[in-house]
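1. Here is the input, now give the coordinates:
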Amino acid sequence: MKSKKYLFIVLFFLLFLSKVSIIDARLVKETDTGGSSKTNYLISTCEYRNDEGKTIVVKRELSKQKPNIDRYLNVKQTVDGKKVSFSSDDNTYYYLSDCPQSVNKKAKKVSSSKDEYDYKLVKTNYSKPLKSNKCYYQNDSGTSIEFVSGLKPYTSGKQTTYRYEYSVKLLTSDMGKQEDYYPTSIDFWDYYERFSTGGCYKTALYNPSGDGFLGLGASGLQFSDESNPAAPSGWKKYETLAFTADENAMKENNNNLKNTMDDATKAVEDYQKEQQKLEEMKADDSTYTEAQIEEQENKVEQLKTESEDLSSAALLTCKEYRDSAVISAEMEEKCASFRQQVSSWVEAGVISDFHSGCAMLGSLNDWLQAFFNFIKILAIVLLIVLGILDFVKALLSGKDDSLKVAWNDFVKRSIALIFLFLLPFILEFLLSELGVFDNNPSMSQEESRLCDIE
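-> Down below sits the predicted model:
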């Protein structure tokens, strides 16, 4: 009897193992080996013609040679939809998008020399160029992922070429530091195009290893552009991570910000130069006509407006990038230096003071805000306490209209409380319309946000 019991347990265990294997195999098929329609990305189309006028078209795609094992992408080549394994002395063509210069169709060879084989390259069509990038993801539970992709040197024998690789670093709440992560299954949703061309997905799903009975089950990583993507059915403890930063976008944003600051500095220099010229023209009014002086005044006024617009735009962008953590440490230092530069321009009277609208409250702003928060809490407590007391008194008095009076008093206090909460917005609107907050009437609502810049 005991032997049958043990046999049943062994059979059940083997059945479970086969179920896990089936699940894992299905996941791999869906994600990594689902065919060229899903896993490959067309990077170039190469057309060749021989002396007889015959042509062949070679399509080159990024694909995984060994799904879930290799962390790099090979170039898969097809002719008329059929995969062809071209050989070459130059391993570069196994990894990069460049079209070989000539092809030997029969021997299935390619060459970097146009004179090597009979089919010569006559036409190329390249997709988006391959780019490197770093994409960062994290969630509130302490899990973060850094996905790095790009061309990296690869040495085979005496030859060094470049191939497109990716790597993953993972940090969870129970790990001491970020470590390299090798998921059993990894899913790219749009033919590798997003990562291979320097983009980032909006969401990542991470499934830990040991997700299953007796610690069995594969770890996995899936990327998607959906806010709430569907996880594979075999994933039971997966975590959703939101996209936080894109290194390529960060570089582009920082570069644009630097250009804006440079443009602002040049505009101020031009303004100062033209302002000095205007003063010289006014001092020598016998040489210049009123029309010439007026034209110079308009030019100076235009340059001043441009200087202020560019300076405020740069300061606002610095603040936005700093708040959203898409600014490099180097650019943060440049922003701090630019803020000091703007302050010096303001002190010299070159541009208007962007903080002029904040002068009314000054350093009392934080204190007033804290005091008003206290008043709001006190008002809520008083509304509740006084309401309870009024209704208790009404019940104890026994008069018919006492409950009605208590209810009317409660409604009046509630309306007063609502007005108290709306008071800051009403005051801000009125003072903004009257220009009380703004010594410079031309300052826009957008520019008033500069009050938050230190």
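
2. Please make it C-alpha for all contacts and neighbour counts, starting now.
-> Will do.

3. Any buried residues in stretch 110-128, and which?
-> In terms of neighbour count (16 or more other CA atoms under 10 Å), stretch 110-128 has its buried residues at 110-112, 117-121.

4. So which of those belong to strands?
-> Counted as lying in strands by DSSP state E, out of the buried residues of stretch 110-128, are 110-111, 119-121.

5. nearest to E274, of these?
-> The shortest separation between E274 and any of these is 58.1 Å, and it belongs to L121 (by CA to CA).

6. Is it correct that the closest one is in contact with S102?
-> Yes. Taking contact to mean CA atoms under 8 Å, the distance of 5.7 Å between L121 and S102 places them in contact.

7. Now do stretch 104-114: everything it contacts.
-> Contact with stretch 104-114 is made by 84-90, 100-103, 117-121, as judged by CA atoms under 8 Å, 6 or more residues apart in numbering.

8. now that stretch, how far from the centre of its chain.
-> For stretch 104-114, the separation from the chain centroid amounts to 43 Å (computed by CA atoms, centre = their mean, to the nearest Å).

9. Where does L241 fall, secondary structure wise?
-> Taking DSSP states H and E as the definition, L241 sits inside strand 239-246.

10. now do L257
-> Secondary-structure assignment from DSSP H and E places L257 in helix 247-283.

11. Can you name every helix or strand that that helix contacts?
-> Other helices and strands packing on helix 247-283, by 3 or more CA pairs under 8 Å, 6 or more residues apart in numbering; DSSP states H and E, are strand 133-138, helix 290-323, helix 329-347.

12. Repeat the analysis, applying 7 Å as the threshold.
-> Under the contact criterion of 3 or more CA pairs under 7 Å, 6 or more residues apart in numbering; DSSP states H and E, helix 247-283 touches strand 133-138, helix 290-323.

13. and the angle for the first one with helix 247-283?
-> Right, the one you point to is strand 133-138. Computed with axes from the mean of the first three to the mean of the last three CA atoms, to 10 degrees, the direction of strand 133-138 lies at 110 degrees from that of helix 247-283.

14. contacts for the helix or strand following strand 133-138?
-> Counting by DSSP H and E, the next helix or strand C-terminal to strand 133-138 is strand 144-156. Contacts of strand 144-156 from elsewhere in the structure, counted by CA atoms under 7 Å, 6 or more residues apart in numbering, are 131-138, 160-172, 195-196.

15. just to revisit the earlier point, and the helix holding L257 with helix 290-323, angle?
-> Interaxial angle of helix 247-283 relative to helix 290-323 (the same axes, to 10 degrees): 160 degrees.

16. just how off-centre is helix 247-283 within its chain?
-> For helix 247-283, the gap between its own C-alpha mean and the chain's C-alpha mean amounts to 28 Å (CA atoms, centre = their mean).

17. Could you check the pLDDT of S442?
-> The score at S442 is 41. That number is its pLDDT.

18. Going forward, count from 30.
-> In the new count, where the first residue is 30, that last one comes out as S471.

19. Confirm for me that K157 is in contact with T226.
-> Yes. Using CA atoms under 7 Å, K157 is in contact with T226, at 6.3 Å.

20. Quick check: V197 is in a strand.
-> Yes. The assignment for V197 (DSSP: H, G, I helix; E, B strand; the rest coil) places it in a strand.

21. Return the distance of it relative to K231.
-> As defined by CA to CA, to the nearest Å, V197 lies at a distance of 16 Å from K231.

22. ditto for K333
-> 42 Å.

23. before we move on, back to that, the strand holding L270 - contacts with which helices or strands?
-> strand 162-167, strand 232-236.

24. Just the CA atoms of that strand, as PDB, please.
-> Below are the C-alpha coordinates for strand 268-275, written out as PDB (Å, rounded to 0.1, in the frame of the first residue of the first chain):
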ATOM      1  CA  GLU A 268       5.800  43.000 -10.900                       C
ATOM      2  CA  THR A 269       4.900  45.900 -13.100                       C
ATOM      3  CA  LEU A 270       7.600  48.600 -13.500                       C
ATOM      4  CA  ALA A 271       7.000  52.000 -15.000                       C
ATOM      5  CA  PHE A 272       9.500  53.700 -17.400                       C
ATOM      6  CA  THR A 273      11.400  56.500 -15.600                       C
ATOM      7  CA  ALA A 274      14.300  57.600 -17.800                       C
ATOM      8  CA  ASP A 275      15.700  57.400 -21.300                       C
END
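
25. That strand pairs with which strands?
-> With DSSP bridges as the test, strand 268-275 is paired with strand 162-167 (antiparallel), strand 232-236 (antiparallel).

26. quick one, which of those strands is packed in tightest?
-> For the strands paired with strand 268-275, ranked by mean neighbour count under the definition mean count of other CA atoms under 10 Å, the leader is strand 232-236 at a mean of 24.

27. average pLDDT across that one?
-> Model confidence over strand 232-236 averages 89 on the pLDDT scale.

28. now what about it, what contacts it?
-> Contacts with strand 232-236, where a contact means CA under 7 Å, 6+ apart, come from 166, 248-256, 264, 266-272.

29. hmm, which of these are the buried ones?
-> Among the contacts of strand 232-236, those buried by neighbour count (16+ other CA under 10 Å) are 166, 248-253, 264, 267-272.

30. What is the nearest of these to A296?
-> Distance to A296, by CA to CA, is smallest for F272 among those, at 37.1 Å.

31. about what we covered before: mind checking which of K333 and K231 has more residues around it?
-> Neighbours of K333 and K231, each counted by other CA atoms under 10 Å, are more numerous for K333; the result is 22 against 19.

32. measure the more buried one to D292 for me?
-> When CA to CA is the yardstick, K333 and D292 sit 13 Å from each other.

33. For the spatially most central residue of the chain, name its beta-bridge partners.
-> Computing the C-alpha centroid of the chain and ranking residues by CA atoms, centre = their mean puts A274 first, at 4.2 Å. When assigned by DSSP bridges, A274 has beta-bridge partners Y165.

34. if I look at it, how far off is K134?
-> For A274, the distance to K134 - CA to CA - is 46 Å.

35. Can you give me the buried ones in stretch 317-336?
-> So, applying 16+ other CA under 10 Å, buried residues of stretch 317-336: 322, 325-326, 329, 332-336.

36. Save the residues you listed as CSV, and put in distance to V440 and pLDDT too.
-> CSV is the format used below for those (distance: CA to CA, whole Å; pLDDT from 0 to 100):
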residue, distance to V440, pLDDT
I322, 67, 86
Q325, 64, 88
E326, 61, 90
V329, 60, 89
L332, 57, 90
K333, 55, 89
T334, 52, 88
E335, 53, 90
S336, 54, 88
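
37. returning to what we had before: these two touch, right, the residue nearest to the centre of the chain and K163?
-> No. Taking CA under 7 Å as the contact criterion, A274 and K163 are not neighbours in contact, 8.2 Å apart.

38. How much space separates Q398 from L332?
-> 38 Å.

39. Same question for K306.
-> Computed as CA to CA, the K306 to L332 distance reads 13 Å.

40. do the same with E281
-> The gap separating E281 from L332 is 27 Å, by CA to CA.

41. Go ahead and list the helix or strand containing E90.
-> Taking DSSP H and E as the criterion, the element that holds E90 is strand 84-92.

42. So what are the structural domains in the protein, by residue number?
-> Listed domain ranges for the chain are 65-155, 162-275, 278-383, 391-465 (source: automatic domain parsing).
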